[in-house]
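Participant: I would like the atomic coordinates for the input below:
(chains A and B)
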2 protein chains.
Amino acid sequence: MNELNDKGRKASDLATTIAQCTTKQKNDALKLIAKQLLDETAFILSENNKDLEAGKNNGMNDNLLDRLKLTKERIHDMAEGVQQVAALSDPTGEVLEGWDNPNGLHFEKIRVPLGVVGMIFEARPNVTVDASSLCLKTGNAVLLRGSSSAINSNKAIVSVIHRALEKSELPTESVQLLEDTSRETAAKMFKLTEYLDVLIPRGGANLIKTVVDNASVPVLETGVGNCHVFIDESAGKNMAVEIAVNAKTQRPSVCNAAETILVHQNWAEQHFEKLIQALNENNVEIRADNKARQLDSSLLPATQEDFKTEYLNLTVALRVVGSLDEAIGHIQTFGSKHSEAIITENKDSVEAFFNKIDAAALYHNASTRFTDGFEFGFGAEIGISTQKLHARGPMGLPALTSTKYIVRGSGQIKA
Amino acid sequence: MNELNDKGRKASDLATTIAQCTTKQKNDALKLIAKQLLDETAFILSENNKDLEAGKNNGMNDNLLDRLKLTKERIHDMAEGVQQVAALSDPTGEVLEGWDNPNGLHFEKIRVPLGVVGMIFEARPNVTVDASSLCLKTGNAVLLRGSSSAINSNKAIVSVIHRALEKSELPTESVQLLEDTSRETAAKMFKLTEYLDVLIPRGGANLIKTVVDNASVPVLETGVGNCHVFIDESAGKNMAVEIAVNAKTQRPSVCNAAETILVHQNWAEQHFEKLIQALNENNVEIRADNKARQLDSSLLPATQEDFKTEYLNLTVALRVVGSLDEAIGHIQTFGSKHSEAIITENKDSVEAFFNKIDAAALYHNASTRFTDGFEFGFGAEIGISTQKLHARGPMGLPALTSTKYIVRGSGQIKA
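Facilitator: Numbering: from 1, shown residues only, chains lettered A, B, ... in the order given. Okay, here's the model as predicted:
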């Protein structure tokens, strides 16, 4: 048996059936999944424990073990998340546009499911539940490929989902897990254009790069964020310091955390000490350019490499700039087009920043940490797109849909 | 010098400048291009002639030579096309959504250019002008890679565009042509994620497959269409025959032409002869299944392969089906999700057809030949997307755009 091909074909065959399920049928299925997760908490935890034991034996580090670990509370949160997805409005079926042409043809553009979503992810088993619920809500079949280190947890969760779907009006195999977690099979999955409509990799930069470099199936790229906070000349002292500290330290391991702080020289001359003090108090290691070190010679020096780096920890690069344009130029050179913030009281500076910088999300007087489907008010998130096709920035349910045109005529032929 | 890298970097560097040009600046540039094309018709024709001579010497077939050939009239049409693009409304800058969140953040989603478009195409030199004008209108830089057989024509056209852009307020190198048309350089272009935001291949199935299989840059796939016309039981005789003949014969070489006609048995029992006669009169070679051959034993037999084939010529596969569901099942099995038509007077049949079939465009009582940006009323077309991400079906100017979120706050930080 060829598991990948069989499950791919099954997903593709079922996609039409799932796409035609009503919103109520899909919501009922989601509620059954939430309940089943709670009912089978003990089973999931005991299977998760096998992965944790194996991880410890294989020398997995504490950070990864923590990502892998499930608890009663985490399973409760997962079930809660599924309930929340059930409560969201269903984007499919929406008529996005409609018009008549002079020849009498009537056009409608309708939102439909993508079809089959291939989800490739690393150790966090909660992605299994998140991705499944978001795909089901939008009428998609999903083929999951998690990491080998979480295979027992993922198999357990998917078996729980299957037991819930058996009681529902959705096909049981709307959600499928690849049990073969070899690299060879993953490589074949990247090329499975016959059955998959999209691949969504979730995980570290290496995983995402591997998928982007090798996939023939269209990819929704998520991941890297080299984000900046620019403190302009007119920025209020307290607001600037609070936002810079929040963007850097509130959760440094995520893509929307700031990696470089740019400070206008005129602001720095007045308030630099306060900024440095606040960063120090939050245990941030600062790597500063020469102009910044002229203001505070105790700072470590930054290299060009520092400005390119997505630290994902409590390190920050810091540069003092002579003008708004210098800040914009820095971001254009080093930014990854993810999230960029300007702190200023000058409206012209805001508009120049918004116009000249190309990024998924641009902020005035707010932290970059808001780039997130929940903070945007989407109610759910399948990831934060770092590409420009299809979806950019936080992706809610509509990112899991496509469209079709339906055209009604009365015998029109092309002349 | 590394031409690909240099031109890619240049395009990427200029993208911000082009994105900020006003609609008037872009339209003025387009009008200058249209005028320059007309002014330099003789030069373009003489350079095109070099390609035609080389093609003849290399044994290029007449069909390809015709695609390659420019005439005074074709250049006039190209210039006309550029004028039409200038007259379209500019999608960039449009505020697509706006909302406030309870924490006081104000969000706007704004349409912006994609950035840098990589266009890979075959012998038709008119694509050079089409792609350039559509990309400029939407504020994108474009890097063109045409085929070696059209290199003199393409260089001439791009030099003409450059002389027009020199008089405009857009950067001259907004449009660039790769003069190195080797396969090795094309392969590197597929991977140039550092500078290119999207690749759009235009040409035959092999070209498109090569790009999709090998690209790391996101691809907008166009191309294959295995389209069907289904004549339902209640279809009017004349309308059904007219639409089937139009869909097959009006221009058989294009992706939205029909390749298979499905006929409901009850309709066939009454009107089959009329359909066959009309196809014969239009020189269509018919390959029929057994049920059809029972009605007309003179028809050639069809194989499974025939139902899979995108003929792109005056051949058609023909199958008699016992029910609407059998027709839908056939299309689900063999269709390429491009354009599918049902001819019927039964409203329930229409809705079932529209709901159950997943395709870019679905037609009731109209020819599949309408799947086209101009026929849809978009005023222009960069291609017909056969994928589900980003754009599906005919792609007008909005397909060449992305979005960004701008978020206005008053000191908000993430809790």
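Participant: Look up the closest residue to A:Arg369, ignoring the ones flanking it.
Facilitator: Computed as Cβ to Cβ, 6 or more residues apart in numbering or on different chains, the closest residue to A:Arg369 that is not its neighbour in sequence is B:Lys414, at 3.9 Å. C-betas here are computed from N, CA, C, even on glycine.
Participant: That neighbour contacts A:Val254, correct?
Facilitator: No: in this structure, B:Lys414 sits apart from A:Val254 without contact. The criterion is Cβ atoms under 8 Å, and the distance is 10.4 Å.
Participant: what about these two, which has more around it?
Facilitator: Comparing B:Lys414 with A:Val254 by other Cβ atoms under 10 Å in any protein chain shown, the one with more neighbours is B:Lys414, at 19 against 14.
Participant: my read is the more buried one is in a strand, agree?
Facilitator: No: according to DSSP: H, G, I helix; E, B strand; the rest coil, B:Lys414 belongs to no strand; its state is coil.
Participant: contacting residues around it?
Facilitator: When contacts are counted by Cβ atoms under 8 Å, 6 or more residues apart in numbering or on different chains, B:Lys414 touches A:Asn246, A:Gln250, A:Arg251, A:Ser367, A:Arg369, A:Phe370, A:Glu375.
Participant: Check the gap between the fourth one and chain B for me.
Facilitator: Which is A:Ser367. Between A:Ser367 and chain B the computed distance is 5 Å (Cβ to the nearest Cβ, to the nearest Å).
Participant: mind checking pLDDT for that residue?
Facilitator: A:Ser367 carries a pLDDT score of 98 in this model.
Participant: Also the second one?
Facilitator: Model confidence at A:Gln250, expressed as pLDDT, equals 95.
Participant: what's the burial count for it?
Facilitator: By other Cβ under 10 Å, the residues close to A:Gln250 number 18.
Participant: Quick check, it in contact with A:Glu375.
Facilitator: No: here A:Gln250 does not reach A:Glu375: they are 11.7 Å apart, not a contact under Cβ under 8 Å.
Participant: Find residues that contact each of these two.
Facilitator: Where contact means Cβ under 8 Å, 6+ apart, the residues bridging A:Gln250 and A:Glu375 through contact with each are A:Arg369, B:Lys414.
Participant: can you tell if stretch A:372-387 touches chain B?
Facilitator: Yes: counting by Cβ under 8 Å from any Cβ of the partner chain, contacts between stretch A:372-387 and chain B involve A:Glu375, A:Phe376, A:Gly377, A:Gln387.
Participant: Could I have the buried ones of the residues you listed as ChimeraX selection syntax?
Facilitator: What follows is the ChimeraX syntax for the buried subset of these, where burial is set by 16 or more other Cβ atoms under 10 Å in any protein chain shown:
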select /A:375,376,387
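Participant: Among the residues of stretch A:372-387 next to chain B, give me the pair with the biggest separation.
Facilitator: Pairwise distances among the residues of stretch A:372-387 next to chain B were taken by Cβ to Cβ; the largest, 22.2 Å, belongs to A:Gly377 and A:Gln387.
Participant: Give me the contacts around the helix-or-strand element of chain A with minimal mean pLDDT.
Facilitator: Of all regular secondary-structure elements in chain A, judged by mean pLDDT, DSSP states H and E, the least confident is helix A:62-68 with a mean of 89. Counting by Cβ under 8 Å, 6+ apart, helix A:62-68 makes contact with A:48, A:51-52, A:55-56, A:60, A:122-125, A:149-150, A:153, all of which sit outside it.
Participant: closest to A:Gln270 among those?
Facilitator: Within those, distances to A:Gln270 taken as Cβ to Cβ reach their minimum at A:Arg124, with 44.0 Å.
Participant: out of the contacts of B:Lys414, which are buried?
Facilitator: The neighbour-count criterion (16+ other Cβ under 10 Å) marks A:Asn246, A:Gln250, A:Ser367, A:Arg369, A:Phe370, A:Glu375 among the contacts of B:Lys414 as buried.
Participant: which secondary structure element contains the first one?
Facilitator: The one in question is A:Asn246. A:Asn246 is part of helix A:237-249, with elements assigned from DSSP states H and E.
Participant: Go ahead and confirm A:Glu310 touches A:Phe334.
Facilitator: No: if you go by Cβ under 8 Å, A:Glu310 and A:Phe334 don't touch, sitting 10.5 Å apart.
Participant: For A:Leu318, give me its contacts.
Facilitator: Here A:Leu318 is in contact with A:Thr260, A:Ile261, A:Leu262, A:Val263, A:Ile286, A:Arg287, A:Ala288, A:Asp289, A:Ala292, A:Leu299, A:Ala302 (Cβ under 8 Å, 6+ apart).
Participant: Determine which two of the residues you listed are furthest apart.
Facilitator: With Cβ to Cβ as the measure, no two of these lie farther apart than A:Leu262 and A:Leu299, at 14.8 Å.
Participant: With neighbour numbers in mind, choose between the two.
Facilitator: Between A:Leu262 and A:Leu299, A:Leu262 has the larger neighbour count (other Cβ under 10 Å), namely 28 against 17.
Participant: Show me where the stretch 201-350 of chain A has its helices.
Facilitator: Shown for the stretch 201-350 of chain A, the helices assigned by DSSP state H, counting those that start in this stretch span residues A:205-214, A:237-249, A:265-281, A:290-295, A:304-308, A:324-334, A:347-356.
Participant: what's the third one in contact with?
Facilitator: Spelled out, it's helix A:265-281. In this structure, residues lying in contact with helix A:265-281 by Cβ under 8 Å, 6+ apart are A:231-235, A:237, A:240-241, A:244-245, A:248, A:261, A:263, A:286, A:291-292, A:295-296, A:299, A:316, A:320-322.
Participant: Which among these count as buried?
Facilitator: With neighbours counted by 16+ other Cβ under 10 Å, the contacts of helix A:265-281 contain buried members at A:231-233, A:235, A:240-241, A:244-245, A:248, A:261, A:263, A:286, A:292, A:295, A:299, A:316, A:320-321.
Participant: Can you classify A:Glu375 as helix, strand or coil?
Facilitator: Secondary structure, three-state DSSP: A:Glu375 is coil.
Participant: same question, A:Leu199
Facilitator: The three-state label given to A:Leu199 by three-state DSSP is strand.
Participant: partners of it in the sheet?
Facilitator: Each beta-bridge partner of A:Leu199 is listed here, defined by DSSP bridges: A:Gly118, A:Val219.
Participant: what do B:Lys414 and A:Val254 both touch?
Facilitator: Looking at what touches both B:Lys414 and A:Val254 (by Cβ under 8 Å, 6+ apart), the common residues are A:Arg369.
Participant: How much space separates A:Asn346 from B:Leu144?
Facilitator: 41 Å (Cβ to Cβ, to the nearest Å).
Participant: who's more crowded, those two?
Facilitator: Regarding A:Asn346 and B:Leu144, a neighbour count based on other Cβ under 10 Å identifies B:Leu144 as having more, with 23 against 15.
Participant: quick one: which helix or strand includes the more buried one?
Facilitator: Assigned by DSSP H and E, B:Leu144 belongs to strand B:141-145.
Participant: Residues contacting the helix or strand just after that strand, please?
Facilitator: Later in the chain than strand B:141-145, the nearest helix or strand by DSSP H and E is helix B:151-166. Outside of helix B:151-166, the residues within contact range by Cβ under 8 Å, 6+ apart are B:29, B:32-33, B:35-37, B:40, B:43-44, B:47-48, B:50-51, B:54, B:68, B:70, B:125, B:128-129, B:132, B:144, B:146, B:171-177, B:179, B:181.
Participant: among these, which are in helices?
Facilitator: Mapping those onto helices (DSSP state H) picks out B:29, B:32-33, B:35-37, B:43-44, B:47-48, B:50-51, B:54, B:68, B:128-129, B:132.
Participant: Only the buried members of those: can you turn that into a PyMOL selection?
Facilitator: Buried members of those, identified by 16+ other Cβ under 10 Å, are gathered into one PyMOL selection as follows:
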select buried, chain B and resi 29+32+33+36+37+44+47+48+51+54+68+128+129+132
